[in-house]
Structures are given as structure tokens and as C-alpha cells.
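Colleague: next come a sequence and a model predicted from it.
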Amino acid sequence: MGEPAETARQRLKPLSHSFTLDFIITGISKEVLEQEVKPLVTDFLRERGLELSEEKTTITHIEDGFDFLGQHVRKYNGHFLTRPAKKNVKAFLTDIRKVMDKTPCGRTWGTSVGLQGPARCAVEA
């Protein structure tokens with residue numbers, strides 16, 4: 001019928017994990033966010049055993065834009081824009097170049113067409 005839960009718990013190893021919580025908070029001014037909202041958020045997280053990462057926390061104007069979860073978010077001419085963040089695009093292109101360099105034909109157009117299957121190329125004698 002199974003073993004008692006207490007016996008099963010004794011065999012479990014302690015787990016160590018990190019918790020990531022990404023969020024955006026908007027406000028009417030930078031001063032309000034720095035002086036009023038940030039202390040409230042810091043206290044709210046501290047009560048739950050979490051802390052606000054100072055190096056990852058930025059307060060910026062929406063028209064200047066910011067990176068969030070791999071996207072660059074900004075407001076331009078009254079429109080809300082999201083685009084892939086530059087560092088993510090660069091990392092993606094670097095990975096693609098590595099794949100292309102490993103294929104038998106190098107960086108030819110024909111090689112890129114068949115990336116899903118085996119790489120094929122014509123060899124001239």
C-alpha cells in the first residue's frame with residue numbers, strides 16, 4: 001500500500017533553488033517610483049523572504065525603452081513597441097553562425113535550406 005509519508009520524507013535530500021520574479025511597475029514620475037513605490041515593493045518582498053535585485057532594477061522613461069524578458073519595450077510616437085532585444089538577436093545570430101560553420105558546405109545558401117535534415121552539398125570534381 002505504500003510507505004508512510006514521514007518515512008518517504010526522510011529519504012529526500014534538501015533542495016536548493018532560486019526564485020525569479022520579473023515584473024514591470026509604471027508610475028507618473030521617476031521621483032514617485034524611487035521615493036514611494038520602490039520602498040513599498042522592497043518591504044513587500046522582504047516580508048516574503050525575497051529581495052529586490054539592485055543591479056537588475058532600473059527606473060527609466062518608457063520613451064527611452066528597456067529590455068524585459070528578451071524583448072525591448074518602448075513607446076514611440078504614441079505607439080507601444082516591442083522588439084527582440086539586441087543582445088538576444090546577437091546571441092541568436094552567433095548560434096546560427098556556429099551551426100553554419102559546422103556544416104560540410106560552410107555558409108552556402110543551399111546548406112541553410114536543409115538545416116532540419118542532414119546537410120547536403122554538391123561537390124565538384
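Modeller: Here it is on my side, so go on. This is a predicted model, so every value here is computed, not measured.
Colleague: what are the structural domain limits within this protein?
Modeller: Domain assignment of the chain by automatic domain parsing yields the ranges 1-59, 62-115.
Colleague: now those as TSV including mean neighbour count and mean pLDDT?
Modeller: All C-beta atoms are positioned from the backbone trio N, CA, C, and that covers glycine. Shown next, in TSV, are the domains of the chain (neighbours: other Cβ atoms under 10 Å; pLDDT from 0 to 100):
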stretch	mean neighbour count	mean pLDDT
domain 1-59	9	80
domain 62-115	12	82
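Colleague: L81 falls within a helix, correct?
Modeller: No: counting by DSSP: H, G, I helix; E, B strand; the rest coil, one finds L81 to be strand, located in no helix.
Colleague: in space, what's closest to it - neighbours in sequence excluded?
Modeller: Here the nearest residue to L81 in space, its sequence neighbours aside, is R74; by Cβ to Cβ, 6 or more residues apart in numbering that works out to 5.5 Å.
Colleague: now do the SS call for I25.
Modeller: From three-state DSSP, the assignment for I25 is coil.
Colleague: separation between it and E31?
Modeller: Separation of I25 from E31 (Cβ to Cβ, to the nearest Å): 14 Å.
Colleague: quick revisit: wait, a strand at the residue nearest to L81?
Modeller: Yes: under three-state DSSP, R74 falls within a strand.
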